[in-house]
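Undergrad: Predicted model and sequence below, questions to follow.
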2 protein chains.
Amino acid sequence: MSTTTVIIADDHPLFRDALTHAIRSCVDDARIIEADSLSTLQDAVSTHPDADLLLLDLNMPGVSGFSALAYVRQHHDTLPTVIVSAADDEAVIRRALQHGASGFISKSSSISELESGINAVLGGEVWVPDGIDITNTDIDQDERQAAAAISQLTPHQFRVLMMLTEGLLNKQIAYQLGVSEATIKAHITAVFRKLNVNNRTQAVLAVQQLAVTDPAALERAPKA
Amino acid sequence: MSTTTVIIADDHPLFRDALTHAIRSCVDDARIIEADSLSTLQDAVSTHPDADLLLLDLNMPGVSGFSALAYVRQHHDTLPTVIVSAADDEAVIRRALQHGASGFISKSSSISELESGINAVLGGEVWVPDGIDITNTDIDQDERQAAAAISQLTPHQFRVLMMLTEGLLNKQIAYQLGVSEATIKAHITAVFRKLNVNNRTQAVLAVQQLAVTDPAALERAPKA
DNA sequence: GTTGCCATTAGCCAAAAGTCGAACGCCAGT
DNA sequence: ACTGGCGTTCGACTTTTGGCTAATGGCAAC
């Protein structure tokens, strides 16, 4: 392949810029695809199945925790995905790798660290921040099950589930997606079956198993 | 006061025993009240408003994260409460103190550490594990709001909310509490108003802001 | 080209969820 | 002793949810 294609999924424009610059200084003929929401992310990965790398933010609006990672990994198993997050907890990093991430880049990294990481993962390596031990890699069984179930969802089903877990009514989801409420109900019924639950509250709980708690607290902490 | 009263809330009998022994070796005339569930905890704190200390496990079945702490602190503001948890993350400890805990004791503490901690908090001090920095103490605004709202709930409302966040149906909650479904609905409506939400999905999300993620992962990690 | 899966929609129905008003008891303040 | 507020309880009513069947069109695999 001649050009390198990288998808950047992050809702913060400034951070997308920073990542873009870092990538361009690693490979000069890089094609950058940007996504700032779940729908644009789904568009990006499905219209660019040939991409070489996905940089995925953990805190995308409308996507909870590792669910997007589980989903993307299942649907595009050849696309190396690196989690980019402010929550650079060791536990979070381990979970990311367990869910199929090819690496983890902390948002508090320096430019040179960023570039090292990008180079490493473009070269096919697994990259994690310095000093992180990734030998102990077994995650919670319930969490693994939840991820497996969620990764089986179709694009629409996944999107509906994410909106459901925002507390929206069927009617609201239907309106936002521009389809009828009957369609949403059909999707939700299918989601319930795949998640093995019978109501939306339990669906929310299943998704929450992939949550990352209190990212804001971690964004304040690193200066310590 | 002549005798010292301590309430121990933990669902694990062996750990309650260990805590009991540790307390008795600190003060010999201690009166120990045990609780192993939310209802017995509520009983304990309301029938012993004069207690000197509450040792509260973070992983009580049927109580999610810091919600029990927020609730107890509001309803019994003179009762010093210490969180006892296996998740001895620095972020978790900070959040505990922010929600009004008088200290934090790690479940992986040695016996002597346990006793030091108990002595300290019985003496009115704030006690946290060695090496934890508690100067940086501002927590997430949404989390604080959620805690404030939850702490305004009445005992019944709180209990119903916790059962709701387990994914139970109104009917199931009603049966378990021995009242009619109409009563549960009334409670839930009151809860919605106080939490400023319109349906149970949003209520679950509000409560989840006080969650502690993946305690199981933290129980596996410390051997590293 | 047929078979299967996905998305879409409708219509129906039972169950669950949620709101309202009303009754009762309790407790604090006057 | 009276009164106002709050918590608990409950039944009646409306809305939402969820399960079911069935039909359509698109798209990809075989």
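TA: Structure's in. What do you need?

Undergrad: Next up, the contacts around A:L79.
TA: For A:L79, the contact set (CB atoms under 8 Å, 6 or more residues apart in numbering or on different chains) comprises A:V45, A:P49, A:A51, A:L53, A:L54, A:V72. Placement of C-beta: from N, CA and C, glycine included.

Undergrad: go again using 6 Å as the cut-off
TA: A:A51, A:L54 (CB atoms under 6 Å, 6 or more residues apart in numbering or on different chains).

Undergrad: Same question for the one 4 residues further on.
TA: Taking CB under 6 Å, 6+ apart as the contact definition, A:I83 lies against A:L56, A:L58, A:A96, A:A101, A:F104.

Undergrad: With A:N170 instead?
TA: A:E181, A:I184.

Undergrad: one step back: rebuild the contacts of A:I83 as TSV, extending it with neighbour count and pLDDT.
TA: Below are the contacts of A:I83 laid out as TSV (neighbours: other CB atoms under 10 Å in any protein chain shown; pLDDT from 0 to 100):
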residue	neighbour count	pLDDT
A:L56	25	95
A:L58	24	92
A:A96	26	93
A:A101	27	94
A:F104	25	94
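
Undergrad: What about the residues you listed, which are in strands?
TA: Those of the contacts of A:I83 mapping onto strands are A:L56, A:F104, per DSSP state E.

Undergrad: from the contacts of A:I83, which is closest to DNA strand D?
TA: DNA strand D has its nearest neighbour among the contacts of A:I83 in A:L56, at 24.9 Å by CB to the nearest atom of the strand.

Undergrad: A:I93: how many residues sit nearby?
TA: Other residues within reach of A:I93, judged by other CB atoms under 10 Å in any protein chain shown, total 23.

Undergrad: With adjacent residues omitted, what lies nearest to it?
TA: Counting by CB to CB, 6 or more residues apart in numbering or on different chains, A:I93 lies nearest to A:F104, which is 4.6 Å off, once chain neighbours are set aside.

Undergrad: residues contacting that neighbour?
TA: Contacts of A:F104 by CB under 6 Å, 6+ apart are A:I83, A:I93, A:A96, A:V128.

Undergrad: how close does it get to DNA strand C?
TA: Using CB to the nearest atom of the strand, to the nearest Å, A:F104 is found at 30 Å from DNA strand C.

Undergrad: Distance-wise, check the closest residue to A:S180 other than its chain neighbours relative to DNA strand C.
TA: In space, and not counting its chain neighbours, A:S180 is closest to A:A174: 6.0 Å by CB to CB, 6+ apart. According to CB to the nearest atom of the strand, A:A174 and DNA strand C sit 7 Å apart.

Undergrad: was I right about A:A174 contacting A:E181?
TA: Yes: judged on CB atoms under 6 Å, A:A174 makes contact with A:E181 at a distance of 4.4 Å.

Undergrad: Who has more neighbours out of the two?
TA: A:A174 (20 against 14).

Undergrad: Now do the contacts for the more buried one.
TA: Contacts of A:A174 by CB under 6 Å, 6+ apart are A:S180, A:E181, A:I184.

Undergrad: Same check on A:I33?
TA: Listed by CB under 6 Å, 6+ apart, the contact set of A:I33 reads A:I7, A:A44, A:H48.

Undergrad: Tell me the one among these nearest to DNA strand D.
TA: A:H48 (15.1 Å).

Undergrad: Can you give me the pLDDT of that closest one?
TA: Looking at A:H48, its pLDDT is 89.

Undergrad: any idea how far it lies from A:Q202?
TA: As judged by CB to CB, to the nearest Å, A:H48 and A:Q202 stand 35 Å apart.

Undergrad: so where's chain A shaky on pLDDT?
TA: A:1-2, A:136-137, A:214-224 (pLDDT under 70).

Undergrad: at 50 what do you get?
TA: A:215-224 (pLDDT under 50).

Undergrad: which parts of it sit against DNA strand D?
TA: Within reach of DNA strand D by CB under 7 Å from any atom of the strand, chain A has these residues: A:L169, A:N170, A:K171, A:K185, A:A186, A:I188, A:T189, A:F192, A:N198, A:N199, A:R200, A:T201.

Undergrad: Now that we have those residues, which of them are buried?
TA: Among the residues of chain A next to DNA strand D, those that count as buried by neighbour count (16 or more other CB atoms under 10 Å in any protein chain shown) are A:L169, A:N170, A:I188, A:F192, A:R200, A:T201.

Undergrad: Make JSON lines out of the residues you listed and add secondary structure.
TA: Below are those laid out as JSON lines (DSSP: H, G, I helix; E, B strand; the rest coil):
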{"residue": "A:L169", "secondary structure": "coil"}
{"residue": "A:N170", "secondary structure": "helix"}
{"residue": "A:I188", "secondary structure": "helix"}
{"residue": "A:F192", "secondary structure": "helix"}
{"residue": "A:R200", "secondary structure": "helix"}
{"residue": "A:T201", "secondary structure": "helix"}
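
Undergrad: Between all of those residues, which two are separated the most?
TA: The most widely separated members of these, counting by CB to CB, are A:L169 and A:F192 (16.1 Å).

Undergrad: Relative to its centre, which residue of chain A is most distant?
TA: Ranked by distance from the centre of chain A (CA atoms, centre = their mean), the top residue is A:A182, with 28.6 Å.

Undergrad: and it, what is it in contact with?
TA: Residues counted as contacts of A:A182 (CB under 6 Å, 6+ apart): none.

Undergrad: Wasn't it part of a helix?
TA: Yes: under three-state DSSP, A:A182 falls within a helix.

Undergrad: quick one: the helices in chain A?
TA: Taking DSSP state H as the criterion, chain A carries its helices at A:13-26, A:38-47, A:67-75, A:90-98, A:111-122, A:141-151, A:155-164, A:170-177, A:181-195, A:200-208, A:215-220.

Undergrad: got those helices as TSV, with distance to B:S37 columns?
TA: Formatted as TSV, these follow (distance: least, CB to CB, whole Å):
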stretch	distance to B:S37
helix A:13-26	45
helix A:38-47	39
helix A:67-75	31
helix A:90-98	28
helix A:111-122	46
helix A:141-151	21
helix A:155-164	30
helix A:170-177	35
helix A:181-195	28
helix A:200-208	19
helix A:215-220	29
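
Undergrad: And the contacts of A:I83, which is closest to B:R16?
TA: Nearest member of the contacts of A:I83 to B:R16, counting by CB to CB, is A:A96, at 36.0 Å.

Undergrad: which residue packs closest to that closest one, ignoring adjacent ones?
TA: A:I83 (4.4 Å).
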